[in-house]
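Trainee: predicted coordinates and the sequence they were generated for:
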Amino acid sequence: MTHVENELNSQPECWIRAAEAAGRHRGALPGPGERVAIVGCGTSYFMAQAVAGLREGAGQGETDAFAASEFPYGRTYDRVVALTRSGTTTEVLGLLGQLRGRTRTTAITADPGTPVMSAADDLVVLDFADERSVVQTRFATTALTLLRAHLGLHTDSVVADARTALATSLPEGLLSCTQFTFLGRGWTVGLAGEAGLKMREASLAWTEAYPAMEYRHGPISITTEGTATWMLGEAPEGLARQVRATGGAWIDGGLDPLAELVRVQRLAVAVAAARGLDPDQPRHLTRSVILTP
């Protein structure tokens, strides 16, 4: 097995540990009513979008998500939460340095031996979810589970669905598809973005991601026989019928959306194998992006 496969298969156990850890880190995580920004890069940015949607949907307070490089320094927040697997990403460390003494910061990371440990005011270390692979799977979903549990939105059924996602066959015919579109609504828009990124990173697939209703406003024009559209979460009424009418495949995600993301991770590995690619050696990518002058 590749590192990616081993790591994505371990997610149910990681999620259990993250849910248990949420209570121990309550003081480091956003409290009800706080105005919060969540930041990250790449996969962590998409997880930030998902958490922001969950938190606002739960009535916990105004919550924004930004790529760390695009943080609006003119805005005021009670807390900024940075998601960083490596703890070394240039944009995240720069942001935390700019905010020191101005805004309370929390870093959620996988590696306790990295610069982020002294850059943030509060820390949550998920070292049990660290990864050898360049392509993120379990750290991202484990960090999301930690914050989901903190909001009271994680249940045992999520873990059960993840195990189902790992144990059941992928939908037929996807390995031969030439293009993949992932759709979300609310908090799952971020998951759709991450699904598209995972397919691009691991298998060099042509992928796109949209809010589900926006897909109908133009992007559906690329859908035809040999393409696949995958919904993460509940689909808008009538959309599946319209996609099928194009001749494209429709995958209606019936599991918890985070478990559906696990299925997409498996698909990314499968498509990579079918194309003779090694998902542990993604093209032009490194485990951490460190920019030097």
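Mentor: Arrived safely, thanks for sending.
Trainee: please parse this protein into its domains.
Mentor: Here the domain parsing of the chain from automatic domain parsing is 3-154, 157-274.
Trainee: any regions of the stretch 101-250 of the chain where pLDDT drops low?
Mentor: Within the stretch 101-250 of the chain, no stretch falls below the threshold (pLDDT under 70).
Trainee: just the strands in it please.
Mentor: Here the stretch 101-250 of the chain has its strands, by DSSP state E, counting those that start in this stretch, at 104-109, 122-125, 179-184, 207-211, 227-232, 249-252.
Trainee: need the ones you listed in TSV (columns: mean neighbour count).
Mentor: The C-beta positions use only the backbone N, C-alpha and C, and glycine is treated the same way. Below are the strands of the stretch 101-250 of the chain laid out as TSV (neighbours: other Cβ atoms under 10 Å):
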stretch	mean neighbour count
strand 104-109	25
strand 122-125	19
strand 179-184	26
strand 207-211	21
strand 227-232	26
strand 249-252	19
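Trainee: residue 281 is nearest to which of the domains of the chain?
Mentor: domain 3-154 (7.8 Å; Cβ to Cβ).
Trainee: longest helix of this protein?
Mentor: Longest helix in the chain by number of residues (criterion: DSSP state H): helix 257-274.
Trainee: dump the strands of the stretch 101-250 of the chain to TSV, plus distance to residue 134.
Mentor: Formatted as TSV, the strands of the stretch 101-250 of the chain follow (distance: least, Cβ to Cβ, whole Å):
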stretch	distance to residue 134
strand 104-109	17
strand 122-125	21
strand 179-184	20
strand 207-211	18
strand 227-232	23
strand 249-252	26
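Trainee: burial count for residue 168?
Mentor: 11 (other Cβ atoms under 10 Å).
Trainee: which residue ranges of the stretch 101-250 of the chain form helices?
Mentor: Listed in chain order, the helices of the stretch 101-250 of the chain (DSSP state H, counting those that start in this stretch) span 116-119, 138-150, 156-167, 188-203, 212-215, 239-245.
Trainee: returning to what we had before: buried stuff in the longest helix of the chain?
Mentor: 257-273 (16 or more other Cβ atoms under 10 Å).
Trainee: pLDDT (mean, whole number) over it?
Mentor: Mean pLDDT, helix 257-274: 97.
Trainee: which neighbouring elements make contact with that helix?
Mentor: helix 3-9, helix 138-150, helix 156-167, helix 188-203, strand 227-232 (3 or more Cβ pairs under 8 Å, 6 or more residues apart in numbering; DSSP states H and E).
Trainee: let's see that with 6 Å instead.
Mentor: With contacts taken as 3 or more Cβ pairs under 6 Å, 6 or more residues apart in numbering; DSSP states H and E, helix 257-274 sits against helix 3-9, helix 156-167, helix 188-203.
Trainee: check the gap between the residue nearest the centre of the chain and residue 145 for me.
Mentor: The centre of the chain sits closest to residue 47, judged by Cα atoms, centre = their mean, with a distance of 3.9 Å. Using Cβ to Cβ, to the nearest Å, residue 47 is found at 10 Å from residue 145.
Trainee: residue 19 too?
Mentor: 6 Å.
Trainee: next, show the common contact partners of the two.
Mentor: residue 154 (Cβ atoms under 6 Å, 6 or more residues apart in numbering).
Trainee: hmm, back to that, other residues contacting the longest helix of the chain?
Mentor: Outside helix 257-274, the residues touching it (Cβ under 6 Å, 6+ apart) are 4-5, 8, 11, 137, 141, 161-162, 165, 170, 175, 188, 191, 195, 198-199, 202-203, 205, 232-233, 253, 279.
Trainee: now swap in stretch 156-175 and tell me
Mentor: If you take Cβ under 6 Å, 6+ apart as the criterion, stretch 156-175 is touched by 9, 11-12, 15-16, 228, 251, 255-256, 259, 262-263, 267, 274.
Trainee: start to end distance for that stretch?
Mentor: Terminal residues of stretch 156-175 lie 31 Å apart, using Cα to Cα, to the nearest Å.
Trainee: sort out which residues of that stretch are buried, please.
Mentor: Using 16+ other Cβ under 10 Å as the test for burial, stretch 156-175 gives 158, 159, 161, 162, 164, 165, 166, 174.
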